[in-house]
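# I would like to see how this sequence folds:
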Amino acid sequence: MAEIIEMLEKLNPWWTGKNFNHGIIRNEYLNSIKSFLKTGEIIVITGVRRAGKTTLIYQTIKHLLDSNVEGKQILFASFDNADISSLKNPIYEVLESFFNEIADRNKKCYIFFDEIQSVIEWERYARTIYDERKHNLVISGSSSYLLSNNLAKLLSGRYLKIEVYPLSFKEFLFFKGVGIKTKLDVFSKKEQIIKLLNIYLAEGGYPRIALEKEEALKGEFLKNYFESIVLNDIILMNNVRQEKLMNELIYYLATNFTQLYSYKNLSEFLSADFSTIREYLGYIENSNLFFSVPIFSYSLKTQNRNNKKIYFIDNGLRNFISFKFSKDYGKLAENLVFVELMRKNKEVYYWQDNFGNEVDFIIKNKDNSLSAINVTYTDEIDRGELEIFKKLKKEYKKSKNYVILTKTLEKTEDGIKFIPLWKWLMEQ
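Prediction:
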């Protein structure tokens, strides 16, 4: 037990009153966690690896300490830590050591388990802690499917989930030292905002990348992120046997992001079994690396029968994986818009007419109305961009709010709003 306490002391410097790095505050996420803590429900923090989940936990702990919670009543354990994950029964041994040697069992404790998804039967310990209704439990992991699915089985949805993404553009600006508090700030700093948007489009929004000044180090960090996601959250998590095929599939998807795909075409291109491709795509999506978007239809059969579009969690990571920094800013812009829509919990689809003309994004709103967005990232707008909206409106009477995202062009024509991408991002 003494050895375990020694391990935990390194991860819990607040036990001895030591300072710790809690990073740059991401208020939107932190405020949600603060609010959820009051409910007593289990808080589940999910998202792609290295997006900032652990840092948010540290920020939550700093908030608790500032709220006069005693440091020894707070436990943080990362199951990515080799010493802890190698224990015979890691959760049990960590909890026993904490309650026997550090915390006062009679007082409320705050327990934070980071990257918990690889621990066998972790959800049963979560259920036990929850059922006691005595302590707060916050868990994080990179596999949203495993966390949500396993908890749902045991807790019937009695948990609150926060999905963490790499930095939004507004967060990116903040990390770069550009403070935006008023609409006047937006327009007075317009040139700076547009310049940083070009960087954001290419390098993405991973917090560490946004803060790094050395270009060579950015590549090293992205390499480590990618290798960690593929190895830990895809291959090892799912006992993938055909590693070569998995890597080929990931590279193919990264190269062809924002494009349509089908299981059949992928299996033919990669000379792989249809069912294996479908299974591997599921593993990749569960790691939060890629997202599939179905065609919009009120018929599930139609949705399932048509091809899906593929989007990537982060432009910078995608550019690194594909071994080139794409100059196709149109695709990068489209991918960026998709991630922003996901960040806002939108229900997203694409739509095509009978000739293959496409609306990039259909958003199904809570009132069942539809909003439509096309991303061009140019000011030379093809008339087809307007015509496809007319077809959509004719097909679906509930469609409204037609938007074309441009580079600098701003106007309204035939009920369609033309909005510069930078401005749209600042309004989200």
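# the closest residue to Lys344 other than its chain neighbours: neighbouring residues, count only.
Among residues not flanking Lys344 along the chain, Gln428 sits closest, at 6.4 Å (CB to CB, 6 or more residues apart in numbering). Where you see a C-beta, it was placed from the backbone N, CA and C, and this is true even at glycine. Gln428 has 12 neighbours, counted by other CB atoms under 10 Å.
# tell me the contacts of the residue nearest the centre of the chain?
In the chain, the centroid-proximal residue (CA atoms, centre = their mean) is Tyr165; its distance is 3.2 Å. Going by CB atoms under 8 Å, 6 or more residues apart in numbering, Tyr165 touches Gly47, Val48, Ala51, Gly205, Ile313, Val339, Met342, Arg343.
# equivalent analysis for Val69, please.
Tyr110.
# quick check: domain ranges of the chain?
2-163, 169-427 (automatic domain parsing).
# I'd like those as CSV, with mean pLDDT appended.
Output for those, formatted as CSV (pLDDT from 0 to 100):
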stretch, mean pLDDT
domain 2-163, 92
domain 169-427, 93
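# tell me the secondary structure of the residue nearest to the centre of the chain, please.
Three-state assignment for Tyr165 (DSSP: H, G, I helix; E, B strand; the rest coil): coil.
# from Ile139, how far off is it?
According to CB to CB, to the nearest Å, Tyr165 and Ile139 sit 18 Å apart.
# could you do Gly384 as well?
Counting by CB to CB, the gap from Gly384 to Ile139 is 48 Å.
# so which of the two has more stuff around it?
When Gly384 and Ile139 are compared for neighbours, Ile139 comes out ahead with 26 against 12, by other CB under 10 Å.
# so that one sits against Thr46, correct?
No - here Ile139 does not reach Thr46: they are 9.2 Å apart, not a contact under CB atoms under 8 Å.
# check contacts around Gly47.
Lys53, Ser142, Ser144, Glu163, Val164, Tyr165, Asn288.
# Val69 versus the nearest residue to it once chain neighbours are set aside, what's the distance?
Nearest residue to Gly47 in three dimensions, chain neighbours excluded: Val164, at 3.5 Å (CB to CB, 6+ apart). Separation of Val164 from Val69 (CB to CB) stands at 23 Å.
# ok, Asp104 next?
With CB to CB as the criterion, Asp104 and Val69 are 12 Å apart.
# count of neighbours near Trp122?
The burial count for Trp122: 21, using other CB under 10 Å.
# and it, how far from Glu334?
With CB to CB as the criterion, Trp122 and Glu334 are 37 Å apart.
# ditto for Leu65
Leu65 sits 42 Å away from Glu334, going by CB to CB.
# circling back: and the contacts of Tyr165 as CSV, adding secondary structure and distance to Leu266?
Converted to CSV, the contacts of Tyr165 look like this (DSSP: H, G, I helix; E, B strand; the rest coil; distance: CB to CB, whole Å):
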residue, secondary structure, distance to Leu266
Gly47, coil, 26
Val48, coil, 22
Ala51, coil, 26
Gly205, coil, 28
Ile313, coil, 19
Val339, helix, 22
Met342, helix, 22
Arg343, helix, 27
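# of the residues you listed, grab the buried ones for ChimeraX.
Only the buried entries of the contacts of Tyr165 go into this ChimeraX selection, using 16 or more other CB atoms under 10 Å:
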select :47,48,51,205,313,339,342,343
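# what is the nearest of the contacts of Tyr165 to Asn149?
Gly47 (16.1 Å; CB to CB).
# next, that closest one: phi, psi?
Gly47 adopts backbone torsions of phi 150, psi 160, taken as degrees, to the nearest 10.
# quick one: the helices in the stretch 151-300 of the chain?
169-175, 183-188, 190-203, 207-211, 215-228, 237-238, 243-255, 263-269, 274-286, 300-305 (DSSP state H, counting those that start in this stretch).
# show me the contact partners of the fifth one.
Okay, so that is helix 215-228. Outside helix 215-228, the residues touching it (CB under 8 Å, 6+ apart) are Arg49, Arg50, Glu203, Tyr206, Arg208, Ile209, Glu212, Gly316, Leu317, Phe320, Ile321.
# I'd assumed Glu248 was in contact with the last one.
No - with contact defined as CB under 8 Å, Ile321 does not count as touching Glu248 (12.0 Å).
# which one's more surrounded, these two?
Ile321 (24 against 17).
# can you tell me the number of residues neighbouring the residue nearest to that one when sequence neighbours are not counted?
Nearest non-adjacent residue to Ile321, counting by CB to CB, 6+ apart: Ala254, 4.2 Å away. Neighbourhood size, Ala254 [other CB under 10 Å]: 20.
# before we move on, what about Phe361?
Count around Phe361 with other CB under 10 Å applied: 24.
# can you put the helices of the stretch 151-300 of the chain in a markdown table and add distance to Ile61?
Putting the helices of the stretch 151-300 of the chain into a markdown table (distance: least, CB to CB, whole Å) gives the following:
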| stretch | distance to Ile61 |
| --- | --- |
| helix 169-175 | 21 |
| helix 183-188 | 31 |
| helix 190-203 | 29 |
| helix 207-211 | 18 |
| helix 215-228 | 23 |
| helix 237-238 | 27 |
| helix 243-255 | 34 |
| helix 263-269 | 43 |
| helix 274-286 | 28 |
| helix 300-305 | 42 |
